Structure formats: C-alpha cells, structure tokens
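Q: heads up, no residue letters with this:
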C-alpha cells in the first residue's frame with residue numbers, strides 16, 4: 001500500500017436551517033407526513049414563479065465566510081437539467097458558473113488546511129423509498145434549501161476525511177446554518193477517491209462513492225476502496241471511472257453505474273429569477289456570526305478555564321454542551337468542577353435519552369446549583385446524581401427537590417456514630433480483615449453505613465469515623 005498515494009475529495013450537501021423552502025413558502029419540517037409539504041412551485045407546475053428565500057442566502061453566506069471563501073456578491077442561478085423520479089421539474093435550480101463562495105479552506109485540529117473549491121446554493125430533490133418490487137416518491141424534501149460544499153482533492157486518508165467532516169459539521173452547527181442530522185438527510189456526503197503512484201503529479205482514475213449515511217460509514221467505505229484499488233493496481237488491473245454504493249451491512253462497495261464521460265447537464269440561466277448583487281453591509285452582517293468558530297472556542301477553553309485538552313474536546317463536540325458549560329460557570333465559577341459533572345453524571349443521563357439534548361429541560365443555572373452543593377458537601381455523589389435525575393427533564397427547583405426527597409448529606413458525627421457502631425457489629429469479617437492490614441476492607445464498612453442512610457451519609461466523614469472507632 002506504500003506504493004500509492006491516496007487522493008480524496010468530498011462533496012457535502014447540507015440542508016440549511018430555514019423554516020420554508022428556498023423558492024416557495026412550503027414548510028421544511030422533516031416529521032410531516034409524505035407529500036404534504038408541497039405546492040405548485042416546488043412541484044414544478046407550468047406557469048409558477050419561484051421567489052428566493054432571503055434566509056437561505058444569509059445562512060449560506062455564513063458558511064462561505066466561515067470557510068474563508070472569496071464571496072461572489074452577484075447572485076446568479078442556472079437550471080441544471082436532468083431526469084430523476086423524485087425531481088418533478090426535471091431540472092434543478094442551482095449555481096454553477098458563479099458559486100456563492102470559492103477558493104476557501106477548512107483548518108483541521110492537526111494543523112492541515114483542506115482547500116474548499118466552491119460553496120453554492122441549490123434546491124434539493126425529493127426522496128425515493130425503495131420497496132421490494134416498487135418505489136415510493138416523497139416530494140416533501142423537494143425544494144429544500146441546499147448548500148453544496150466541495151473540497152479540493154487535498155484529503156490523503158480515510159481518517160483525514162473523517163476529521164474533515166467532523167470539523168465541518170461543528171462549524172455548520174455553531175454558526176446555526178444546519179442541524180446536520182444525517183439520519184434526517186440534512187447532511188449528506190459523496191466521496192471521490194483515486195490512487196496515484198507515490199510522489200506522482202498525475203492523478204489516478206476517480207471512483208465516486210455514494211449511500212454513506214454516517215461519518216464512520218464514509219471512513220469505512222474509503223478504507224475499503226483504498227484496499228480494493230491497491231489490490232487491483234498491484235495485479236496490473238484497471239480502475240474504472242464509476243459510481244459505487246456502500247453496503248454498510250456487508251462492509252463493501254458495489255458498482256452502481258459506470259461513467260465514461262461527465263454528464264451534460266445543459267446549464268442555462270434560470271429565466272424566472274433575476275440576477276442581483278448583495279451589498280457589503282449584508283455580507284458583514286453575517287460575518288458577526290462566524291467570529292468564534294469551534295477551534296477558537298477550544299483554545300479559549302484551554303486558556304481561560306484551564307481545562308484538559310480531552311475535556312475541552314468533549315465540551316466543544318456539541319454546541320449545546322459548550323454553551324451549557326459557559327452558562328453554568330457564570331453561576332458557579334468552578335470550571336473544572338462544572339466540566340467534570342457535565343462529562344460524568346450529566347452526559348450519562350443525556351445518553352439514555354432517544355433525542356438526547358432535546359430532552360434536557362434543566363437550566364444551566366439550576367445545574368450549577370447541584371454542582372455547587374456537591375462541592376460544598378451539602379450533597380454527596382449519590383444524592384447529587386439523584387437530584388440531577390429528578391430535575392433534568394423538568395427543570396425542577398433544586399432546593400425543593402432536596403427538601404422533598406431528603407437528599408441533604410448527613411455529615412454530623414453524632415448522627416453517624418451509632419450507624420458506624422452497628423456496621424462494625426454486623427460486619428465482623430470485614431473488621432477482622434481491616435485489623436489484619438487489609439486497608440480496602442474499610443470501604444465495605446463505609447458501604448454498609450451508606451446503605452443504612454440510603455446514600456445520604458458523607459462517605460469521607462464515615463470513613464474517618466470508622467478509622468477512629470476501629471483504632472481505639
């Protein structure tokens with residue numbers, strides 16, 4: 001495999017986070033029943049006229065600016081002509097000759113910058129649902145505002161492709177451009193891969209990969225292709241220019257169609273949309289939303305809050321977490337303690353919810369109160385977790401929950417002494433082991449006392465009290 005260099009370019013399609021479609025007022029809501037978010041405009045009825053969605057342009061500008069693209073202020077649309085069952089007009093309104101942004105770049109955490117060839121607006125097609133002997137067409141997605149982001153062929157490994165997609169997704173989410181939910185189809189990726197002789201300037205034959213619905217799937221499909229193409233070339237075989245589908249169940253790619261030549265889409269100017277230019281102040285208004293990108297926040301978390309790199313990685317992995325962390329720190333200025341509780345008990349709970357962060361109703365202010373009480377010894381590890389569980393879905397008043405559930409930590413020696421004496425009396429085997437030098441045996445006794453207090457005792461005080469009594 002060392003004989004060849006891997007060359008990868010990615011085409012990412014992102015549905016922009018608008019309430020309505022790009023050229024009509026139909027809803028973009030994913031959950032609606034099939035073929036209910038449609039109208040004569042997005043279905044391509046004769047005589048209808050598209051009207052451009054200003055919000056789509058604003059979000060597209062943010063993305064182009066975040067990717068450091070040169071902005072073309074003249075907005076010019078063309079018709080891309082092709083037939084497909086879920087494309088009712090038989091053409092797609094897109095940007096070809098003059099993309100919104102071009103010549104940009106995305107910097108990876110490792111320091112390498114992947115070039116961005118172009119960022120352009122277009123409308124999405126519908127969706128085909130394939131059954132055993134037939135296919136169904138859902139046109140709800142037809143006309144949804146889509147942004148295509150095309151990378152330069154700068155990516156040199158499947159893992160680097162994975163890192164690029166992860167970084168791009170974070171940027172899109174942080175600037176509010178898209179939800180990037182691959183399961184809902186709001187982010188899709190096609191990959192082009194070829195192998196060339198090591199050090200050669202001549203590119204190999206390109207293979208396009210489709211049907212990858214996770215970033216891991218993209219990485220797996222590319223890894224398979226590297227192995228497959230290497231084997232073919234080592235056996236003096238020929239790589240064909242073709243489109244291949246990724247079969248995630250069988251972990252292999254299969255030929256979908258061969259491409260001898262590029263498609264002729266017969267682009268021509270969209271006659272129903274006038275060309276126009278955006279003013280500089282319009283562009284600058286969107287620039288304010290891209291001043292601090294995920295990598296900038298990562299560095300700030302390290303410098304300002306003195307977090308470990310691994311902790312900062314987790315916090316910036318979701319915009320919700322980064323925002324939640326900073327809001328909580330405003331209330332209780334102990335960044336490390338807040339971070340530990342988010343990465344530990346908080347995420348343990350969130351990861352049990354089907355819709356994850358959408359289920360969280362607990363405000364960052366109330367969350368910080370739990371961490372504060374835990375830090376002050378008013379709650380212990382068990383009761384703090386219970387307070388979190390009882391409030392995370394309803395933002396309940398923490399003080400009321402503690403009072404109602406009797407969660408206040410028991411720390412007084414007077415309250416605990418009799419329970420300690422009981423535990424010693426009932427667990428003579430553990431006492432004997434401890435007296436023989438097995439220090440860990442005392443933790444069994446601590447557990448006995450914790451059980452008697454239903455988890456409310458201060459384990460540190462219990463341990464100290466046990467040691468004092470046993471050494472008498």
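A: In hand now; what should we look at? Values in this document were obtained by computation on a predicted structure and should not be read as measured data. Numbering: from 1, shown residues only.
Q: so what pLDDT did residue 260 get?
A: Looking at residue 260, its pLDDT reads 54.
Q: Residue 379 too?
A: Reported pLDDT for residue 379: 86.
Q: what's around the closest residue to it other than its chain neighbours, how many residues?
A: Distance criterion Cβ to Cβ, 6 or more residues apart in numbering; nearest residue to residue 379, sequence neighbours excluded, is residue 373 at 4.5 Å. Yep, even glycine has a C-beta here, placed from its N, CA and C like the rest. Residue crowding around residue 373 was assessed by other Cβ atoms under 10 Å; the count is 22.
Q: ditto for residue 110
A: Residue 110: 7 neighbours (other Cβ under 10 Å).
Q: what residues are up against it?
A: residue 163 (Cβ atoms under 8 Å, 6 or more residues apart in numbering).
Q: My read is that the residue nearest to residue 379 contacts residue 401, right?
A: No: contact status for residue 373 versus residue 401: not in contact, 10.8 Å apart, counting by Cβ atoms under 8 Å.
Q: So for the two, which residues contact both of them?
A: With Cβ under 8 Å, 6+ apart as the test, residue 373 and residue 401 both reach residue 387.
Q: who's in contact with stretch 28-39?
A: 15, 18-21, 24-27, 136-140, 142, 144-145, 184-186.
Q: What helix or strand is the closest residue to residue 325 other than its chain neighbours located in?
A: Distance criterion Cβ to Cβ, 6+ apart; nearest residue to residue 325, sequence neighbours excluded, is residue 315 at 5.2 Å. Using DSSP states H and E, residue 315 falls within helix 309-316.
Q: next one: residue 354
A: Using DSSP H and E, no helix or strand contains residue 354.
Q: Next: residue 266.
A: Judged by DSSP H and E, residue 266 forms part of no helix or strand.
Q: Would you mind giving the domain segments of the protein?
A: As assigned by automatic domain parsing, the chain contains the domains 4-284, 292-405, 413-470.
Q: If you average pLDDT over each of the ones you listed, which is lowest?
A: domain 413-470 (a mean of 68).
Q: Grab the nearest non-local neighbour of residue 191.
A: Residue 191 sits nearest to residue 209 (Cβ to Cβ, 6+ apart), 4.5 Å away.
Q: List the strands paired with the one helix or strand the one you found maps to, with their directions.
A: Assessed by DSSP H and E, residue 209 sits inside strand 207-212. Strand 207-212 has its sheet partners listed here by DSSP bridges as strand 187-197 (antiparallel), strand 242-247 (parallel).
Q: Redo the ones you listed as JSON lines? Include mean neighbour count and distance to residue 58.
A: Formatted as JSON lines, these follow (neighbours: other Cβ atoms under 10 Å; distance: least, Cβ to Cβ, whole Å):
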{"stretch": "strand 187-197", "mean neighbour count": "20", "distance to residue 58": "19"}
{"stretch": "strand 242-247", "mean neighbour count": "18", "distance to residue 58": "34"}
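Q: quick one: which of these is nearest residue 234?
A: With Cβ to Cβ as the criterion, residue 234 lies closest to strand 187-197 of the strands paired with strand 207-212, at 10.3 Å.
Q: Could you pick out the longest helix of this protein?
A: Looking across the chain with DSSP state H, the single longest helix is helix 215-234.
Q: need the contact list for residue 55.
A: 16, 18, 19, 20.
Q: Quick check: the last one touching residue 41?
A: No: checked against Cβ under 8 Å, the pair residue 20 and residue 41 is beyond contact range at 10.9 Å.
Q: anything in contact with each of the two?
A: With Cβ under 8 Å, 6+ apart as the test, residue 20 and residue 41 both reach residue 26.
Q: Can you name the residues in contact with the helix holding residue 315?
A: Applying Cβ under 8 Å, 6+ apart, the set of residues contacting helix 309-316 from outside is 170, 294, 297-298, 301-302, 307, 321-322, 325, 339-340, 342-343, 347.
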